[in-house]
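Asker: Predicted model and sequence below, questions to follow.
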Amino acid sequence: MPDPSIPVVGHKTQRKLVGHNLLYSVSVFLSIGVWLFGYDQGVMSGIITGPYFKAYFNQPTSTQIGNMVAVLEIGAFITSLAAAHIADNYGRRMTLRTGAIVFTIGGAIQTFCVGYNSMVLGRIVSGFGVGMLSMVVPIYQSEISPADHRGLLGSVEFTGNIIGYASSVWIDYACSFFQSDWSWRLPLSVQCIGGSVLFIGSFVTPESPRYLVDTDQEVEGLAVIADFQGKALDDISVQAEYKEIRDAVLADRAVGDRSYRALWRRYKGRVLIAMSSQLFAQLNGINVISYYAPLVFEQAGWIGRDAILMTGINALFYVASSLPPWYLMDRAGRRPILLSGAVAMAIALTATGWWIYIDQAITPNAVVICVVIYNSAFGMSWGPVPWLYPPEIMPLSFRAKGVSLSTATNWISNWWVGVSTPLFQELIGWRLYPMHAFFCALSFILVYFLYPETRGVPLEEMDKLFGDESDEDEVDSDFDEVEEAESEISSLVSNPRHRRRSASSSLGPSLPTSRKPSPIPSREASSSRGLFGRITDSVNGLIGSTKQQSRSVGYTAVNEE
């Protein structure tokens, strides 16, 4: 069945967006996915202080509030692990699509909840969707981004997350003027709109070219590469990128085992770095502010709606702080950004605790300034980089599994911060903020000694950066077969009729709808299902009928029409 993302008229693709226009359009679209979990993380911060929310849930305790806020992370933790199996076997788009519809269902349950239990259920279901989206969006983004644009596009993605958070705060503030339960139900309903847009859009986005090549869809992968570059199939740069991806796939296939155990055995260092980046992104204290900013401001002296207003102002600075990395990420690099951010956050958190401790007349304004500085520092550093770094450093064959582990680390530590913050605010008060400043100092040490710089390094060359070139020796004999594959590609595109961008361009009759090349061993034969493959058997049964559709990219040979 033809893939609707690449329409075919005769034998010529009719994609209107190509090159940078396509790349940037897809990147902006993907930012909707991170907008959703940014919105979902922020929306509760404003409504939990509202009088109608408190009355409806019978003046919930701090434990109940913590559960309603943080239970989303439990769902996200589960599916961020299970989604690796879906992403590897059904594609990045199918994972995106599934996450979007699940998220929408969860938003609907929250909007029309009838009590505490149904609210918790809705948050868990939304968490299932968020877990899938937060795992697959960074992978998808990294796999379509050129090496010299990867930092920019990853930063754009994170800005979408912050815009989601900021919009939730301002919607909370606007709805706080409603004198009914819609003061909290309406903000929750907005989740459904974003999820629906993402679900519909997933049908017209191209699949990741690296996933296509990795699943033996070479013609389709070559075509998507050409689309993103805006060039012909036989262009030198298109074939060079294709060969680089194909060589990496061949090397990974020769090793064979793709289980979590193999990932840990071969790439333990990378896994720990990826997981630690997400762990410290949470331990550095961001969700003390994101989830509970109104409570922080109330603690400092801003009461009621004024606390939500201060949260909204802080959110605007947060959005603005996410813009400099668009320029800096591919110029200054990842390490300097993380190191400087850790220092600024540690100072701001320590100062926040100090001002609350001394409790002077200036404390409310001083705390607002400190929180704005902290949020801005995070938005420029530990906000975007931990989502960009893990998919960069993981090899293609283990990218979904590696990113699933780092994302799961984010959500389990996110959950811990969300649940513990109300309790810590009651038990230790102002000391909570210096405690998270201490974690900022630890993260500085970790990055300084252990994190390599990935700026400008192609994904297929990360092995060299981490000193894993020895793996290539195991498969040197297999690389001779790549020459045969290259000659096949050359024969496919050498005829001018095969050039897709010229007036006479078309995909010639020799192009099959699907072909399984001999040089690369079968992916299915070399992969291992592992624990989470078994966990997602039920998911496979539900979406298995769409598997063949998601794996065909709509190039029909002339003699098959």
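Answerer: That came in fine, so what should we check first?
Asker: how about the helices in the stretch 201-350 of the chain?
Answerer: 209-214, 218-229, 236-255, 260-283, 286-290, 293-300, 305-321, 324-328, 334-358 (DSSP state H, counting those that start in this stretch).
Asker: Alpha carbons only: can I get the fourth one in CSV?
Answerer: These are the backbone C-alpha positions of helix 260-283, laid out as CSV (Å, rounded to 0.1, in the frame of the first residue of the first chain):
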residue,chain,number,x,y,z
TYR,A,260,19.1,-4.5,26.2
ARG,A,261,21.8,-6.8,27.6
ALA,A,262,23.9,-6.3,24.5
LEU,A,263,23.4,-2.6,24.7
TRP,A,264,24.6,-2.6,28.3
ARG,A,265,27.6,-4.8,27.5
ARG,A,266,28.8,-2.9,24.5
TYR,A,267,27.8,0.7,25.3
LYS,A,268,27.6,0.8,29.1
GLY,A,269,29.5,4.2,29.2
ARG,A,270,27.2,5.8,26.7
VAL,A,271,24.1,4.5,28.5
LEU,A,272,25.3,5.9,31.8
ILE,A,273,26.1,9.3,30.3
ALA,A,274,22.7,9.4,28.6
MET,A,275,20.8,8.4,31.8
SER,A,276,22.8,10.8,34.0
SER,A,277,22.0,13.7,31.7
GLN,A,278,18.3,13.2,32.3
LEU,A,279,18.7,12.3,36.0
PHE,A,280,20.5,15.6,36.8
ALA,A,281,18.1,17.6,34.6
GLN,A,282,15.5,16.6,37.3
LEU,A,283,17.7,16.6,40.4
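Asker: Excluding covalently adjacent residues, which one is nearest to I32?
Answerer: L198 (4.8 Å; CB to CB, 6 or more residues apart in numbering). Just so you know, the C-beta spots here come from the backbone N, C-alpha and C atoms, and that holds for glycine as well.
Asker: just how off-centre is the helix or strand harbouring the one you found within its chain?
Answerer: According to DSSP states H and E, L198 maps onto helix 182-201. For helix 182-201, the separation from the chain centroid amounts to 19 Å (computed by CA atoms, centre = their mean, to the nearest Å).
Asker: Need the contact partners of it.
Answerer: 29, 32-33, 35-36, 39-40, 43, 46-47, 50, 52-53, 56, 96-97, 100-101, 103-104, 106-108, 110-112, 126, 129, 133, 164, 167-168, 171-172, 175-178 (CB atoms under 8 Å, 6 or more residues apart in numbering).
Asker: I'd like the mean pLDDT over it, please.
Answerer: The predicted model assigns helix 182-201 a mean pLDDT of 94.
Asker: May I have it as CSV, with CA atoms only?
Answerer: Taking Å, rounded to 0.1, in the frame of the first residue of the first chain, the C-alpha atoms of helix 182-201 are listed here in CSV:
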residue,chain,number,x,y,z
TRP,A,182,-14.5,25.2,34.2
SER,A,183,-11.7,27.3,35.8
TRP,A,184,-9.8,24.0,35.9
ARG,A,185,-11.6,21.8,33.4
LEU,A,186,-11.0,24.1,30.4
PRO,A,187,-7.2,24.2,30.8
LEU,A,188,-7.2,20.4,30.9
SER,A,189,-9.3,20.2,27.8
VAL,A,190,-6.6,22.0,25.7
GLN,A,191,-4.5,18.8,25.9
CYS,A,192,-7.0,17.1,23.6
ILE,A,193,-6.6,19.7,20.8
GLY,A,194,-2.8,19.4,20.7
GLY,A,195,-2.9,15.6,20.7
SER,A,196,-5.4,15.5,17.8
VAL,A,197,-3.3,17.9,15.7
LEU,A,198,-0.2,15.7,16.3
PHE,A,199,-2.2,12.5,15.4
ILE,A,200,-3.5,13.9,12.1
GLY,A,201,-0.2,15.4,11.1
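Asker: what mean pLDDT does stretch 89-105 have?
Answerer: 94.
Asker: ok, back up a step: out of the helices of the stretch 201-350 of the chain, nearest to A84?
Answerer: Taking CB to CB, helix 260-283 is the member of these nearest to A84, at 8.6 Å.
Asker: just to revisit the earlier point, just send the helices of the stretch 201-350 of the chain back as CSV, with mean neighbour count too.
Answerer: Output for the helices of the stretch 201-350 of the chain, formatted as CSV (neighbours: other CB atoms under 10 Å):
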stretch, mean neighbour count
helix 209-214, 24
helix 218-229, 25
helix 236-255, 19
helix 260-283, 20
helix 286-290, 25
helix 293-300, 23
helix 305-321, 21
helix 324-328, 18
helix 334-358, 21
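Asker: looking at those, which has the lowest confidence?
Answerer: Mean pLDDT across these is lowest at helix 293-300; the value there is a mean of 72.
Asker: Pull the distance from it to the chain's centre.
Answerer: Computed by CA atoms, centre = their mean, the chain-centroid distance of helix 293-300 equals 29 Å.
Asker: now the angle from that helix to helix 334-358?
Answerer: Inter-element angle recorded for helix 293-300 and helix 334-358: 40 degrees (by axes from the mean of the first three to the mean of the last three CA atoms, to 10 degrees).
Asker: Check which helices and strands helix 293-300 is in contact with.
Answerer: The contact analysis (3 or more CB pairs under 8 Å, 6 or more residues apart in numbering; DSSP states H and E) places helix 293-300 against helix 19-47, helix 305-321, helix 334-358, helix 363-380, helix 399-427.
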